[in-house]
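Asker: Just need the structure, nothing else, for what follows:
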Amino acid sequence: MAGDAVADHPEALRVERFRPQLRETYGRLHSERNGAGWCHCVAWWVPTWDGWGERTAAENAGLRGALCDRGEYDGLLALVGDEPAGWCQLGPRDRLAKLVAQLALEPDGAAWAVTCFLVVPAWRRRGVATALLARAVEVARDEGATHLEGYPRDGGRLADGEAWTGTTSLFASAGFACVRESGPRSVYRLRLA
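Answerer: Numbering: from 1, shown residues only. This next block holds a predicted model:
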């Protein structure tokens, strides 16, 4: 998948693991220009939702920088040429204590999770999230995960701002099965081994 083009556009879209050499590219993606200059994909890293809405963009960017400084490059970037088109957060599930607690998940060191998506507005509805999820499956399998989970929002058509954990149709179309309905987010799982 890393070199495959997304079917509905001629440009070659590739999906790469986030790594130190892509920090500047990640920063360009998570910017006000893309309507994403506040979160910096740290929502699941803070210990609680209490005060989440009062955090500043600088605090969230600082936490993301600290995560990278300690080697936590927890995701995939979708790129067209050198320009970022999208992102998904990916890694061992249990490292995100808030996620495990909120969804009352049993500890499982072999479980990985896809927890967040961000697609540049110009690239939405063009297969970028699908390409990111397909690559996430490959990476999790290659890293020895026994299963990969996602926590999409349920319901019909969601506003773009509500689809940050993915949609049920995205996960279902990739072969994930709903294993538990849990309030506004369900638990979808794909067995890898």
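Asker: how would you label the closest residue to residue 174 other than its chain neighbours: helix, strand or coil?
Answerer: Excluding the flanking residues, the one nearest residue 174 by Cβ to Cβ, 6 or more residues apart in numbering is residue 133, at 5.1 Å. In short, each C-beta sits where N, CA and C put it, glycine included. Under DSSP: H, G, I helix; E, B strand; the rest coil, the three-state class of residue 133 is helix.
Asker: who's in contact with residue 133?
Answerer: The contact partners of residue 133, by Cβ atoms under 8 Å, 6 or more residues apart in numbering, come to 88, 114, 150, 166, 170-171, 174.
Asker: roughly how far apart are it and residue 56?
Answerer: Computed as Cβ to Cβ, to the nearest Å, the residue 133 to residue 56 distance reads 30 Å.
Asker: ranges for the helices of this protein?
Answerer: Assigned by DSSP state H, the helices in the chain fall at 23-29, 57-69, 97-102, 128-142, 168-173.
Asker: want to throw those into TSV with distance to residue 12?
Answerer: Formatted as TSV, those follow (distance: least, Cβ to Cβ, whole Å):
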stretch	distance to residue 12
helix 23-29	16
helix 57-69	27
helix 97-102	33
helix 128-142	11
helix 168-173	22
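Asker: Return the helix or strand in the protein with minimum mean pLDDT.
Answerer: strand 177-182 (a mean of 87; mean pLDDT, DSSP states H and E).
Asker: which ones are touching residue 148?
Answerer: Residues near residue 148 by Cβ under 8 Å, 6+ apart: 111-114, 136-137, 140-141, 176, 189-190, 192.
Asker: Go again with 7 Å.
Answerer: 112, 114, 136-137, 140, 190, 192 (Cβ atoms under 7 Å, 6 or more residues apart in numbering).
Asker: With residue 192 instead?
Answerer: Neighbours of residue 192 in contact, by Cβ under 7 Å, 6+ apart: 140-141, 145-148.
Asker: Return the member of those nearest to residue 94.
Answerer: residue 145 (11.4 Å; Cβ to Cβ).
Asker: Just give the closest residue to the closest one, not the sequence neighbours.
Answerer: That would be residue 112: by Cβ to Cβ, 6+ apart, it lies 3.9 Å from residue 145.
Asker: Tabulate the contacts of residue 148 in JSON lines, adding columns for pLDDT and distance to residue 123.
Answerer: JSON lines is the format used below for the contacts of residue 148 (pLDDT from 0 to 100; distance: Cβ to Cβ, whole Å):
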{"residue": "112", "pLDDT": "98", "distance to residue 123": "25"}
{"residue": "114", "pLDDT": "97", "distance to residue 123": "18"}
{"residue": "136", "pLDDT": "97", "distance to residue 123": "17"}
{"residue": "137", "pLDDT": "97", "distance to residue 123": "20"}
{"residue": "140", "pLDDT": "97", "distance to residue 123": "23"}
{"residue": "190", "pLDDT": "97", "distance to residue 123": "24"}
{"residue": "192", "pLDDT": "96", "distance to residue 123": "27"}
